[in-house]
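Undergrad: here you go, sequence then predicted model.
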Amino acid sequence: MHGRQGSGSPPGSPPASWYRGRRIPISVSFLTYTRLSEAYAVASESFHPYNQINIAIIVYPGFHCNGGGGLDRSFVCEQIYQNPQGVFRLADVTTDQQALVEAYKESADLIYLDPPFYTNQRYAVKQRVGTAGYLGNRDYVLSVENDFDTFSSAEAYMDYLRTLLTTAHAILKKNGSIYIHVDFRAAYMVRGIADEIFGERNLLNEIVWHYKSGGRAKKFYSRKHDTIFFYKKRRQPYFDPDAVGMRRGEERRNNMKKGVDEDGRVYYSIRSAGKEYRYYADSVIYPDDVWSDISHLQQKDPERTGYPTQKPLALLRRIIRASCPENGLVADLCAGSGTTAVAAAMEGRRYCVVDKSPVSLSHTRSRLMSGGFGFHIQGETEWGDPAQLSYQLGQSGEELVLSLSHYAISGYENPFRLADYGTTAQLSLESCGMVPQGPSDISLVSFAGLGRLVDGTLSLQSSMVRSAKYPMFQELLRLGPGPGQPCLVIGDVFGNQRAYLV
């Protein structure tokens with residue numbers, strides 16, 4: 001395997017993070033200037049099932065990994081991995097409205113909107129850092145301020161809602177439907193604007209999502225519900241109640257007699273006014289407009305990602321099953337934690353989700369990858385500073401093989417608070433004492449992908465993401481032959497997306 005080393009790493013043996021598993025003998029040749037050396041390395045049986053491996057690595061001290069020396073620095077506008085069922089568009093609806101409408105005019109079967117509630121509170125996203133954070137060590141959790149919308153007045157909020165709902169109306173099919181999720185603060189404003197844009201007579205339901213989580217109020221009744229307005233656009237929309245129906249089951253029912261009919265079906269009966277009414281255990285109960293069977297996400301729910309406004313998958317899966325046909329298109333213009341995209345992928349639907357926040361992008365991509373789904377990102381990715389990244393790059397046959405060894409954000413300061421202590425300050429990464437230092441430190445990396453860049457589109461062939469299921473980067477990034485420049489994308493714990501030509 002012939003290769004080179006990214007900038008910032010001293011000449012020497014490849015980092016142990018290249019491999020995992022048992023220790024086996026490897027004959028390694030490092031061509032640094034004119035010196036050769038022999039070494040051992042930790043190898044993984046899953047990648048190197050041989051008794052001995054011969055590797056030759058050419059080390060170029062000071063090599064700039066993101067392509068100095070006149071390389072073509074085509075801007076990365078799209079990232080594609082595997083066979084995605086939809087697209088995440090990194091954009092602000094208020095400024096990208098025309099482009100969104102041109103791209104998706106009357107193409108969505110279903111739209112779900114969970115716009116910012118009119119609270120004007122600043123929310124922070126809890127972000128795990130490195131392997132330790134994803135293994136549950138609370139000392140390795142940052143609270144990163146996200147770019148949530150705040151509004152100077154009710155009028156400014158209503159202007160935002162009007163832009164959002166006008167865009168949604170334009171991209172919705174004539175026989176499509178929209179669900180708008182709000183709380184008590186915004187319900188009256190959303191209802192008025194939605195009636196204006198979609199038509200008062202096109203309101204099909206005012207759904208109450210009742211949940212029991214959260215604290216108890218002592219000065220007023222506890223607020224335990226959200227409102228979801230369900231509108232059609234014009235024609236009768238697709239609606240399949242059978243897809244969300246639930247079996248009655250055989251639990252005991254008060255004042256009802258259990259029986260079995262001649263076909264062996266279990267039923268419960270009650271007599272009234274001389275008539276017998278039967279309810280079969282295997283019959284389907286359709287949801288009404290009060291949903292109390294779907295719980296709000298608890299603090300320690302394994303589904304939680306740390307995104308403060310995250311909604312449960314069960315809620316979105318019900319909406320999608322009922323109101324989007326198979327292979328239909330689901331749109332969400334306030335993607336947030338990515339629940340809509342993940343639910344659509346799980347239900348076999350296509351999706352288009354939009355958010356202006358890179359933190360939203362990071363969470364959505366992580367959840368899709370953890371679920372075994374591909375992704376497609378539309379939005380500009382900045383070029384990274386080569387001094388902040390080090391890696392080992394080699395070649396095995398026709399494949400390029402890359403292993404990260406170090407990623408840093410030099411001099412970077414970010415307003416965050418230590419989640420356990422609740423303090424807010426301007427802290428550097430070094431001063432917070434949470435990020436281990438060293439030549440093999442990639443704790444700040446939450447995602448890495450390697451692919452080929454052609455005309456602004458980066459087609460990723462391999463990628464890895466941290467999650468509770470996969471807390472460590474356990475693989476080498478591999479890249480086969482093909483057109484375009486090899487390009488590495490890094491996503492870090494603050495939501496930054498950086499591209500590097502390799």
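TA: Received, thanks.
Undergrad: host element of Arg185?
TA: Here Arg185 is covered by no helix or strand, with elements defined by DSSP states H and E.
Undergrad: so it touches Phe151, yeah?
TA: No - when contacts are counted by CB atoms under 8 Å, Arg185 is not listed as touching Phe151 (11.3 Å). (Glycine included, C-beta is placed from N, CA and C.)
Undergrad: list the contacts of stretch 233-252.
TA: Residues outside stretch 233-252 that contact it (CB atoms under 8 Å, 6 or more residues apart in numbering): 109-110, 169, 172-178, 198, 202, 258, 266, 279-287, 293, 318, 321-325, 328.
Undergrad: my bad, stretch 259-273
TA: 250, 253, 255-258, 276-282.
Undergrad: show me which pair in those residues is furthest apart.
TA: Distance extremes for those: the farthest pair is Asn255 and Asp282 at 21.1 Å, using CB to CB.
Undergrad: below-threshold pLDDT in the stretch 351-500 of the chain: ranges please.
TA: 410-440, 474 (pLDDT under 70).
Undergrad: strands of that one, start to end?
TA: Using DSSP state E, counting those that start in this stretch, the strands of the stretch 351-500 of the chain run over 375-383, 389-396, 399-407, 413-418, 423-428, 445-454, 457-465, 477-479, 485-492, 497-501.
Undergrad: need those in a markdown table (columns: mean neighbour count).
TA: Shown next, in a markdown table, are these (neighbours: other CB atoms under 10 Å):
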| stretch | mean neighbour count |
| --- | --- |
| strand 375-383 | 19 |
| strand 389-396 | 22 |
| strand 399-407 | 21 |
| strand 413-418 | 16 |
| strand 423-428 | 12 |
| strand 445-454 | 23 |
| strand 457-465 | 20 |
| strand 477-479 | 20 |
| strand 485-492 | 23 |
| strand 497-501 | 22 |
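Undergrad: let me have those strands in JSON lines, extended by distance to Ala91.
TA: As requested, these are exported to JSON lines (distance: least, CB to CB, whole Å):
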{"stretch": "strand 375-383", "distance to Ala91": "6"}
{"stretch": "strand 389-396", "distance to Ala91": "27"}
{"stretch": "strand 399-407", "distance to Ala91": "27"}
{"stretch": "strand 413-418", "distance to Ala91": "23"}
{"stretch": "strand 423-428", "distance to Ala91": "29"}
{"stretch": "strand 445-454", "distance to Ala91": "20"}
{"stretch": "strand 457-465", "distance to Ala91": "17"}
{"stretch": "strand 477-479", "distance to Ala91": "28"}
{"stretch": "strand 485-492", "distance to Ala91": "18"}
{"stretch": "strand 497-501", "distance to Ala91": "14"}
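Undergrad: closest to Thr163 out of those?
TA: Nearest of the strands of the stretch 351-500 of the chain (CB to CB): strand 375-383, 19.2 Å.
Undergrad: strand partners of the closest one, parallel vs antiparallel please.
TA: strand 76-81 (antiparallel), strand 86-90 (parallel), strand 497-501 (parallel) (DSSP bridges).
Undergrad: state the mean pLDDT of the helix or strand that comes right after the second one.
TA: Going down the chain from strand 86-90, the next helix or strand is helix 93-104, by DSSP H and E. In this model, helix 93-104 carries a mean pLDDT of 94.
Undergrad: thinking again about what came up before, now the strands paired with strand 375-383 in a markdown table, with distance to Ser463?
TA: Shown next, in a markdown table, are the strands paired with strand 375-383 (distance: least, CB to CB, whole Å):
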| stretch | distance to Ser463 |
| --- | --- |
| strand 76-81 | 6 |
| strand 86-90 | 14 |
| strand 497-501 | 13 |
